[in-house]
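Student: Need a 3D model of the following:
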Amino acid sequence: MRSDPADILRFGAFEVHLRSGELRKQGARIKLQEQPFHVLTVLLQRPGEVVTREELRNQNWPADTFVDFDNSLNTAINKLREALGDSADNPRFIETLPRRGYRFIAPVTGADGTTGGTAAGVPARPRSRKIVVTVAVVLLAAGIAGGLIWRARQARHLTEKDTIVLGDFGNSTGDPVFDGTLREGLSVQLEQSTFLNLVSDEGIHQTLRMMGQPANTRLTPEITREVCQRTSSAAALDGSIALIGTRYNLILKAVNCASGDLLASTEAQANDKSHVLDALGKAASEMRSKLGESLSTLQKYNTPLEQATTPSLEALQAYNFGLSTDDDAAQLAFFRRAIQLDPNFAMAYWALANNTADTALSAGIARKAFELRAGLSEREKLHIEADYYASGTGDLMKARRSAEVGAQTYPRDPNFLVSLGLNSRALGQYEAALKESLELLRLYPYNSRPYRFLASAYLCLNRVEEAEATVKEAHAKGLDYRLAPDLYVIAFYRGDTSEMARQAASAAGKAADEELLLALEADTAAYFGHLEKARESVRQAADSAGRAGEKERAATYYAVSALREALFGNADKAGRQAILAKRRASGRDMDYAVALALAYAGDAVQAQALADDLGKRFPEDTIIQFNYLPTLRAKLEFLHANPQEALVILGVASPYELGVAAFDYYNWPSLYPVYVRGEAYLAARKGSEAASEFQKILDHRGIVLNEPIGALAHLQLGRAYAMQGDTAKSRVAYQDFLTLWKDADPDIPLLKQAKAEYAKLQ
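Tutor: Numbering: from 1, shown residues only. Predicted structure coming up:
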């Protein structure tokens, strides 16, 4: 649409189109935000005259608007000079008069050449010029209104596919309690939305690293906009808080990160500090609406911020500090501090539970979060429920339902996919775990964890090439955190001993990897019958865990070692080590390992007592009730010569027998329901059925990996074939086992027994 010449004012090489709200230079449009444009129009009304700062405030900032006026005006003038290529020291257009105001010093004309002002002071005002100025004022008013309408029409709503980068709050109050706190509060409020999609903090940190900036770089509007552009996001959202008299004024602005145009802005006031979070929540709700969220979802998912988090700014600040630090000890201290400041802060309990290593203590904290969840937003409530059912009660069916609702309601939230992936793995549903891991990686490509999940799912499905490619992709992207265990087990699967040694050496001194790699080395040593070497690696792994304050993990390493001793026929040593582990700590998985070790060592009394205790302590726990207890009780039936009863008991474990549900991906006794069922069939003289069970273990190499029963399955398969009278197959199976154990410690009772049995087949 062509502009009416009466709507245009000119100065130098510039034109101001009043009705459309545009500034142009030689026909090309120059980007200029609304506030600087409005200041320019006021100055153009009175060329050559001093326009005081107070006059600019009255004409551009209504009396009921609470802003940091001085800062806002200075910013507007700077933006205006930047657009005009002007200088405060040597002005061509805008002159600053200290402590007074500003003067437009260039000649101003209309499109028809009518003079609107000169640079030589204030000339006499003949009647004709008064008419021109009056008309110009009217046109300027119409132009300002027209410009606002035009810009409002240009502002577009976001779509569900658009992403937003959330910047830091500008804080001019001088009160540090708002630093970081308001951004966290705004994040919580916006993440209630099923429509808006925030770039994760991890995604922001990754982008900052690509920009050559530290991960903790302050997200100023300029930095936020660049991150926004680099992440192909649609909008950058910034906030500010100012103290005007005794009132706090909060402003939120969303800008198009490509053009810099304002998409939406909201403002809210708080009469005092205690009402700032309430004001922030109201501003956030208004922003959600302005960015395009429907009224129906806004009403449904809009829990007040003080209810969704905490009414205490200090508690929210401590919680934010906990989320922001990488120091484990400091993290726990901040979450505990948040709870001290607000004993009803449910999300602080949730965060503390997720970062507490002691499983019993973590479960108790998770229960407290669960009890306080009623007033939370739907998103936070589902997070707490999914985690509480998974690690508190252990009811994986309820945990899965909560996680599925969360994933359906908030499909861009990676935490629900993490919960689903762990759930699928625990239940042995690896195809589902693969699908969930692929989706998690799509949403969350900035961290090594989704790659580890995906590699693990591939490996459990014996798709080792894809597992290896996944880990290598993570490495190529610089996402090396905790990849060493994955590379180690992939190398084990391939039989690459040099790569295993390299990964084990690379973990030395690294707190995150060292103990797990030592534990994996112990498993590998035992897999090949190097029991003395396995014992030393276990001791080192437990020491490493102990130095990190992980008492339960250290005890668990000894419990797993006791199980190995029992499997290999060292009953006395196994019993002593199991009891020692139990004295050091207690936990669901550790107690299971201790009980199973005692059962294999022949200590029916203590094994039965532990099994009964587990059943009482975890009546709703899916893994306890349908994996651990059936395995324990079936093994105990051996001690009473009841193999048929053992088979009946193990029937309930069948749907879950391939699951891995313990404290790390690759260092936990797995497939024991299958192994014990195979033993039961042998005891019942059913060789064919026994062979099927032991073959099942060998067919799932990616699950059993370097667990001792992965090697022992060959021996047991030889026994099953011998029972069937198939001497040829029996010999092959025995040879496979003895080849694995060709350099084994010679004093292992099981090895002596296997050699004697093999000799009888000759």
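
Student: Show me where the stretch 451-600 of the chain has its helices.
Tutor: 464-476, 484-494, 497-506, 514-527, 531-547, 551-567, 571-584, 588-600 (DSSP state H, counting those that start in this stretch).

Student: which stretch among those comes nearest Arg337?
Tutor: Among those, the nearest to Arg337 by Cβ to Cβ is helix 551-567 (23.4 Å). Glycine gets a C-beta too; all of them are placed from N, C-alpha and C.

Student: mind listing the strands for the protein?
Tutor: 8-11, 14-17, 22-25, 28-30, 50-52, 94-97, 101-104, 108-110, 115-117, 164-171, 235-244, 247-256, 262-270 (DSSP state E).

Student: Distance-wise, check the closest residue to Lys368 other than its chain neighbours relative to Tyr388.
Tutor: The shortest distance from Lys368 to any non-neighbouring residue, by Cβ to Cβ, 6 or more residues apart in numbering, is to Tyr349 (4.8 Å). With distances taken as Cβ to Cβ, to the nearest Å, Tyr349 is found 10 Å from Tyr388.

Student: ok, Asp358 to Thr556 distance?
Tutor: Counting by Cβ to Cβ, the gap from Asp358 to Thr556 is 12 Å.

Student: Can you pull the residues that touch both of these two?
Tutor: Common neighbours of Asp358 and Thr556, using Cβ atoms under 8 Å, 6 or more residues apart in numbering, are Ala585, Gly587.

Student: For the two, work out which one has more neighbours and name it.
Tutor: Thr556 (31 against 17; other Cβ atoms under 10 Å).

Student: Find me the pLDDT at the more buried one, would you?
Tutor: At Thr556, the pLDDT value in this model is 91.

Student: Check Leu23 too.
Tutor: For Leu23, pLDDT reads 89.

Student: Now do the same contact list for it.
Tutor: Counted by Cβ under 8 Å, 6+ apart, Leu23 has contacts Phe14, Glu15, Val16, His17, Arg29, Ile30, Leu32, Phe37, Leu40, Ala83.

Student: Let's see that with 6 Å instead.
Tutor: Counting by Cβ atoms under 6 Å, 6 or more residues apart in numbering, Leu23 touches Val16, Ile30, Leu32.

Student: who's it bridged to?
Tutor: In this entry, Leu23 is beta-bridged to Val16, Ile30, by DSSP bridges.

Student: does Lys290 really touch Leu262, like I thought?
Tutor: No. With contact defined as Cβ atoms under 6 Å, Lys290 does not count as touching Leu262 (10.6 Å).

Student: For Asp328, grab the count of nearby residues.
Tutor: The burial count for Asp328: 14, using other Cβ under 10 Å.

Student: What distance do you get for it to Gly549?
Tutor: Using Cβ to Cβ, Asp328 is found at 9 Å from Gly549.

Student: ditto for Tyr444
Tutor: Noted for Tyr444: a distance of 29 Å to Gly549, by Cβ to Cβ.

Student: Then Val560?
Tutor: Distance from Val560 to Gly549, by Cβ to Cβ: 20 Å.

Student: Compare those two and say which is more crowded by neighbours.
Tutor: Val560 (29 against 12).

Student: show me what contacts the more buried one?
Tutor: Ala593.

Student: now the contacts of Leu23 in a markdown table, with pLDDT?
Tutor: Rendered in a markdown table, the data for the contacts of Leu23 read as follows (pLDDT from 0 to 100):
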| residue | pLDDT |
| --- | --- |
| Val16 | 87 |
| Ile30 | 85 |
| Leu32 | 83 |
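
Student: how about those in TSV, adding neighbour count and distance to Thr181?
Tutor: Shown next, in TSV, are the contacts of Leu23 (neighbours: other Cβ atoms under 10 Å; distance: Cβ to Cβ, whole Å):
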residue	neighbour count	distance to Thr181
Val16	23	42
Ile30	14	38
Leu32	21	33
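
Student: Serialize those residues to JSON lines and add fields for distance to Tyr681.
Tutor: Shown next, in JSON lines, are the contacts of Leu23 (distance: Cβ to Cβ, whole Å):
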{"residue": "Val16", "distance to Tyr681": "91"}
{"residue": "Ile30", "distance to Tyr681": "83"}
{"residue": "Leu32", "distance to Tyr681": "82"}
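
Student: For burial, what's the neighbour tally of the residue nearest to Lys368?
Tutor: Burial measure for Tyr349: 25 neighbouring residues, criterion other Cβ under 10 Å.

Student: My read is that Thr52 contacts Gly101, right?
Tutor: Yes. The pair Thr52 / Gly101 is scored as a contact, 4.0 Å apart, by Cβ under 6 Å.

Student: Compare these two (neighbour count), which wins?
Tutor: Neighbour totals were compared for Thr52 and Gly101, and Gly101 leads with 18 against 13 (other Cβ under 10 Å).

Student: Identify the residues contacting the more buried one.
Tutor: Residues near Gly101 by Cβ under 6 Å, 6+ apart: Val50, Val51, Thr52, Arg53.

Student: go with 8 Å
Tutor: Val50, Val51, Thr52, Arg53, Glu54, Glu55, Leu56 are the contacts of Gly101 under Cβ under 8 Å, 6+ apart.

Student: so what's Ala366 up against?
Tutor: Here Ala366 is in contact with Tyr349, Trp350, Ala353, Ile384, Asp387, Tyr388, Ser391, Gly392 (Cβ under 8 Å, 6+ apart).

Student: Roughly how far does it sit from Thr356?
Tutor: Distance of Ala366 to Thr356, computed by Cβ to Cβ: 9 Å.
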